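# sequence below, structure please.
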Amino acid sequence: MEALNLPRPAWMSEDLVLLEEQARRFIADEFAPHLDRWHEAGIYDRDVWNKAGAAGLLCASMPEEYGGAGGSFAHEAVINRELSLAGFDTFGAPLHSGIVAPYILHYGTEEQKKRWLTKLASGELVGAIAMTEPGTGSDLQGVRTSAKKSGNGYVLNGSKTFITNGQHANLIVVVAKTDAAAGAKGVSLLVVETDGAPGFRRGRKLKKLGMDSADTSELFFDDVKLPAENLLGPEEGQGFYQLMKELPQERLIVAVHAAAMMERAVALAVDYAKQRKAFGKAIIEFQNTQFELAECKTEATIAKVFVDHCIERHIKGELDTVTASMAKYRLTDTQADVIDRCLQLFGGYGYMDEYPISRMYRDARVLRIYAGTNEIMKLLIARSL
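Residues are numbered from 1 along each chain as shown. Sure thing, here's the model as predicted:
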């Protein structure tokens with residue numbers, strides 16, 4: 001699916017081209033035949049994670065000594081793009097590999113890295129991060145979940161909502177207050193291994209506007225006992241700093257997703273316009289169709305060039321919060337417009353659920369909300385003026 005006719009970006013090395021081809025073949029052979037079934041079921045099979053791990057599609061940026069491929073964020077970006085181009089917009093692997101695993105790599109002890117990263121890379125563990133609570137949203141300092149000292153460990157109490165991978169996750173990084181009186185300095189990250197954990201409970205899989213097969217869930221922690229070694233990092237009170245440090249990559253992951261969804265929407269619309277006949281000719285022969293597709297292709301091309309620029313900067317360690325916020329806000333806003341206009345070219349069929357463009361239209365909406373709303377992105381950008 002090369003709808004944009006762009007040359008490969010400078011950061012795409014030979015091994016990344018091979019990874020792109022390998023990921024594309026594996027997804028087409030192993031995952032694509034089941035996409036409609038998973039969509040109807042509203043959830044992926046659990047063994048999808050193990051298959052993805054065995055194929056090297058999980059934690060590709062983690063060092064080899066911890067089970068990863070020893071790559072960089074570029075490897076994650078290539079895999080994420082292939083997932084989106086193939087229609088796997090609801091699979092939680094980008095969060096698992098590009099958000100959860102880096103928290104452990106960057107802030108965990110050596111024992112924690114050896115204990116968890118290898119199993120995340122294989123798919124034995126499915127990762128989630130539990131930030132959002134009812135009533136808190138983007139206000140991470142306002143979390144009410146508490147982790148109180150008890151003997152040599154902690155007792156965790158609280159509830160979380162909108163948690164990606166919530167039904168399958170068995171390793172959850174939880175944002176909690178270890179000191180309720182210390183504001184941002186009282187926030188810590190604690191890791192909950194859910195298998196057989198007394199007091200941990202999964203709530204309902206949330207019914208959503210889109211992302212039907214994503215197992216977005218409520219999670220509950222009622223007197224969950226954690227050993228001291230499940231605190232992420234060497235000391236309490238580092239959670240807010242850790243969260244802020246990792247957010248640019250999270251927002252870049254969303255931008256990569258948005259750019260790939262635009263690219264897929266344009267490809268689907270061009271293909272449909274060439275096949276669909278109206279008034280005796282293919283609808284791509286009508287000037288209105290040509291102008292719409294020309295504008296959509298232009299927007300998608302600009303988006304991809306910008307996201308490739310951001311990826312290159314991030315690989316070099318130069319991507320700042322402001323630029324990541326620009327990418328997340330602008331590309332998700334543009335994505336919504338491009339997918340909407342592409343859907344319009346399908347006419348009534350674009351409104352039918354069995355057409356991928358219909359699912360994309362619904363799935364795209366949340367990208368302007370999660371990883372920080374686009375209004376929050378604008379606030380962050382405005383502070384740089």
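
# next, the buried residues of the strand or helix carrying residue 102.
Assessed by DSSP states H and E, residue 102 sits inside helix 101-107. By neighbour count on 16 or more other Cβ atoms under 10 Å, the buried set for helix 101-107 is 101, 102, 103, 104, 105, 107. All C-beta atoms are positioned from the backbone trio N, CA, C, and that covers glycine.

# which helices and strands does it pack with?
For helix 101-107, the elements it packs on are helix 110-122, strand 187-193, helix 239-275, judged by 3 or more Cβ pairs under 8 Å, 6 or more residues apart in numbering; DSSP states H and E.

# cutoff 7 Å now
Where contact means 3 or more Cβ pairs under 7 Å, 6 or more residues apart in numbering; DSSP states H and E, helix 101-107 is packed against helix 110-122, helix 239-275.

# can I get the shortest one in CSV, CA atoms only?
When you say that, I think you mean helix 110-122. Taking Å, rounded to 0.1, in the frame of the first residue of the first chain, the C-alpha atoms of helix 110-122 are listed here in CSV:
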residue,chain,number,x,y,z
GLU,A,110,18.3,-4.5,36.8
GLU,A,111,16.3,-7.2,38.5
GLN,A,112,13.0,-5.6,37.3
LYS,A,113,14.3,-5.5,33.7
LYS,A,114,15.3,-9.1,33.7
ARG,A,115,12.1,-10.1,35.5
TRP,A,116,9.6,-8.4,33.2
LEU,A,117,11.0,-7.3,29.8
THR,A,118,11.8,-10.7,28.5
LYS,A,119,8.2,-11.9,29.1
LEU,A,120,6.8,-8.7,27.6
ALA,A,121,8.9,-9.3,24.5
SER,A,122,7.6,-12.9,24.2
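
# with distance to residue 251 and pLDDT added, can I get the buried residues of helix 101-107 in TSV?
Output for the buried residues of helix 101-107, formatted as TSV (distance: Cβ to Cβ, whole Å; pLDDT from 0 to 100):
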residue	distance to residue 251	pLDDT
101	17	98
102	13	98
103	15	98
104	20	98
105	19	98
107	19	97
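
# report the two of the residues you listed separated the most.
Largest separation among the buried residues of helix 101-107 by Cβ to Cβ: 101 and 107, giving 11.4 Å.

# neighbours of residue 46, just the number please.
For residue 46, the tally of surrounding residues (other Cβ atoms under 10 Å) stands at 12.

# how is the nearest residue to it once chain neighbours are set aside assigned, secondary-structure-wise?
Among residues not flanking residue 46 along the chain, residue 168 sits closest, at 5.8 Å (Cβ to Cβ, 6 or more residues apart in numbering). Residue 168 falls in the coil class when you classify it by DSSP: H, G, I helix; E, B strand; the rest coil.

# relative to residue 246, how far out is residue 168?
Residue 168 sits 22 Å away from residue 246 when distances are taken as Cβ to Cβ, to the nearest Å.

# kindly report the same for residue 337.
For residue 337, the distance to residue 246 - Cβ to Cβ - is 29 Å.

# kindly report the same for residue 297.
With Cβ to Cβ as the criterion, residue 297 and residue 246 are 33 Å apart.

# kindly report the same for residue 108.
Taken as Cβ to Cβ, the span from residue 108 to residue 246 is 13 Å.

# pull the contacting residues for residue 246.
By Cβ atoms under 7 Å, 6 or more residues apart in numbering, the contact list for residue 246 reads 99, 102, 103.

# also residue 311?
Per Cβ under 7 Å, 6+ apart, neighbours of residue 311: 11, 73, 74, 77.

# wasn't it part of a helix?
Yes: Residue 311 forms part of a helix when assessed by three-state DSSP.

# distance of it from residue 301?
Distance, residue 311 to residue 301, using Cβ to Cβ: 16 Å.

# what does residue 273 give?
Using Cβ to Cβ, we find residue 273 at a distance of 18 Å from residue 301.

# higher neighbour count, those two?
residue 273 (21 against 18).

# that one contacts residue 283, doesn't it?
Yes: using Cβ atoms under 7 Å, residue 273 is in contact with residue 283, at 5.0 Å.
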